[in-house]
Structures are given as structure tokens and as C-alpha cells.
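take this sequence and fold it.
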Amino acid sequence: MGNLVTLEKREGIAIVTIDNPPLNVMCKQVVMELGETFSSLADDPETIVVILTGAGQKAFMAGADIKEFPQLIGQRGMKASVMETHDVLNQIDFLLKPTIAVLNGIAFGGGCELALTCDLRIAEEHAQIGLPEIKLGLFPGGGGTQRLPRLIGEAKAKELMFTGDPISAQEAERIGLVNKTVPSGEGMEAAFQLAKRISGYSLEALSRIKRAVDLGVEAPFPAAIELEAELFEEVFQTEDVREGVQAFIEKRKPVFSHR
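Numbering: from 1, shown residues only. You can find the predicted model right below:
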């Protein structure tokens, strides 16, 4: 797709790889190319599931490019540029397709925050995950203060941010930060098999599951139930629900058209 972000598609699955050696840091160009890539995937009818990873075995993403920070010190009006990065992170988060992050190495700072924008996370056993910004006199500014507490709870999220200490893949799985830990070198295969399984279902239903959970979890329960009911009514207007029900009655595997 670009110089620092590559895109591969096979079997309804898009594999997005950040390739910014040696540690795949989140520089401005990476952010721009991620935005372009996910924009194209949002409108791609052939892509059902997206896998996001980093090149190599050292890092998913080691964080932001610290070399870009000195020019920001003392700068007024930087909120606009910060929100431009949030626009891209939100674009990934709100993509109406399931997303899986493969943490194949360190995921620090912005790398952890990028992983949090995905629906599911698979970590290789050598991966380390953390938000070390406090050690630079900073705090997470890529959504970490908002997405992490929603995922693992307020107290544990504050502990990770207050101390800046990384945790292992196994500890991340224990606290619910990652869904699964696999042996080193097996993350992509595990993610691909999971993505292949998910991609066999209807995108019409998958996207509504994502919307119901993402929007409902922040809403009062009665409003969330009403949202679920609205989306449930919508899915019954699709071709895929007709195919799924008919296939069940005929005792055969459904063939979804994602319409």
C-alpha cells in the first residue's frame, strides 16, 4: 500500500503489516499510510476480516517516534495534530469489519494503543506490552487512557500507566488485554486460522455485532438493548439471514454473499 505499510489479501482476509525497521515505530508517515490502507479496506467488498501486525519478530510497534517529540515541546495548538492521529486510530477501531492484532514482539506506547483499536489480540509468547510514557514525563496520548480501562478495568489500567512497566504476553492474557498467547513465530498462523473461521460468516451480522457491542457498552442498558433490537431488525432484512436460515433447514452449509 505504501513504503511503510504493506497490504496482502487472501481468502477474504486482509493482512496489514507495518514495516518501519528496526522497531516499526509510529511516525507520521506510518499513521498516514495506515489511514490510507484502512480507508481502502472499509470499502473493499472482498475483505471480511483484517489482521494487523508488524514486520519481523522484534516489535509489533515500539511506540511513537521519539525523534519527532522535541519539536512539540512547548508548542501551543498541537491538539489539532494529535486529533489527526486519533482520526486514524478511530478509523481502525470503528471499521465495520472484525480486526485482529498480532503482537509479534514489543508493543509499547503507541504500539499498545494501536493494538487496543483492534477487536481481538493474539500475542506471541515473547511479546511485551506496556505504556511507558510516564518515564518520559508524558502520559498515553493515543487513546490509551480511554481504551485500556474499558478493556481491563480502571485500577489495573492505572497501575500499568502509573508505573510504565511492561507486562508479558502471559500476564496480558491473564488480565484480558490479549485474547490468546501462542508460541513465538506462530502468531500470524493462529490469527489467519481465526480470521478464516470468522470470515466464513456473514459480514452483515459481524458488523452489527461490532456496532452493538462498541456502542452499547457505553450506553445506558435500556438504550443499549434498544440499539440491539434495531440492529436485529436490520439483519433480518439481509440476503444473508435468508441464506443462513434456509441452509439450516436444508441441513447444509450456508454460502453468505455479505449482502
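
tell me where the stretch 101-250 of the chain has helices.
With helices called from DSSP state H, counting those that start in this stretch, the stretch 101-250 of the chain shows them at 110-116, 144-152, 154-163, 169-174, 187-199, 203-216, 221-235, 239-249.

same for the fourth one, what does it pack against?
Pointing back at helix 169-174 there. strand 120-124, strand 128-130, strand 180-182 (3 or more CB pairs under 8 Å, 6 or more residues apart in numbering; DSSP states H and E). Where you see a C-beta, it was placed from the backbone N, CA and C, and this is true even at glycine.

contacts for the helix or strand hosting Met32?
Element membership for Met32, per DSSP states H and E: helix 28-42. With contact meaning CB atoms under 8 Å, 6 or more residues apart in numbering, helix 28-42 is reached by 1-5, 7, 14, 16, 18, 20, 24, 47, 50, 65, 68, 84-85, 87-88, 91-92, 95-97.

show me which of the residues you listed are buried.
The neighbour count (16 or more other CB atoms under 10 Å) marks 1, 4-5, 7, 14, 16, 18, 20, 24, 47, 50, 65, 85, 88, 91-92, 95, 97 as buried among those.

next, the buried residues of stretch 122-133.
122-124, 126-133.

same thing with stretch 215-223?
If you call a residue buried by 16+ other CB under 10 Å, then stretch 215-223 has these buried ones: Gly216.

before we move on, what about stretch 200-214?
So, applying 16+ other CB under 10 Å, buried residues of stretch 200-214: 201-208, 210-212.

before we move on, what about stretch 151-163?
Going by neighbour count (16+ other CB under 10 Å), the buried part of stretch 151-163 is 152, 156-157, 160-161.

Pro22: which element?
With DSSP H and E as criterion, Pro22 is part of no helix or strand.

check contacts around the closest residue to it other than its chain neighbours.
Nearest non-adjacent residue to Pro22, counting by CB to CB, 6 or more residues apart in numbering: Lys58, 6.6 Å away. Under the criterion of CB under 8 Å, 6+ apart, the neighbours of Lys58 are 22-23, 105-106.

out of those residues, which is nearest to Phe236?
Gly105 (43.7 Å; CB to CB).

and the closest residue to the closest one other than its chain neighbours, how close does it get to Gly110?
Sequence neighbours aside, Ala59 is the residue nearest to Gly105 in space, at 4.1 Å (criterion: CB to CB, 6+ apart). Distance, Ala59 to Gly110, by CB to CB, to the nearest Å: 11 Å.

if I look at those two, which residues touch both of them?
In contact with both Ala59 and Gly110: no residue, using CB under 8 Å, 6+ apart.

grab the nearest non-local neighbour of Val88.
Gly35 (4.1 Å).

per-residue pLDDT, the one you found?
Note for Gly35: predicted pLDDT of 97.

burial of it, as a residue count?
Under the neighbour criterion other CB atoms under 10 Å, Gly35 is assigned a count of 18.

low pLDDT regions in this protein?
Applying pLDDT under 70 to the chain flags residues 1-2.

quick check, central residue of it?
Cys118 (1.3 Å; CA atoms, centre = their mean).

my guess is it meets Val102, correct?
No - using CB atoms under 8 Å, Cys118 is not in contact with Val102, being 9.3 Å away.

identify the contacts common to these two.
Leu52.

Arg121 against Leu103, yeah?
Yes - the criterion here is CB under 8 Å, and Arg121 meets it with Leu103 at 6.1 Å.

returning to what we had before: out of the helices of the stretch 101-250 of the chain, nearest to Gly137?
Across the helices of the stretch 101-250 of the chain, closest to Gly137 is helix 154-163 (CB to CB), at 13.3 Å.

against which helices or strands is that closest one packed?
helix 144-152.

one more time with 10 Å
On a contact count with 3 or more CB pairs under 10 Å, 6 or more residues apart in numbering; DSSP states H and E, helix 154-163 meets strand 128-130, helix 144-152, strand 167-168.

would TSV of these with distance to Glu228 be doable?
Conversion of those to TSV gives the following (distance: least, CB to CB, whole Å):
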stretch	distance to Glu228
strand 128-130	32
helix 144-152	19
strand 167-168	34
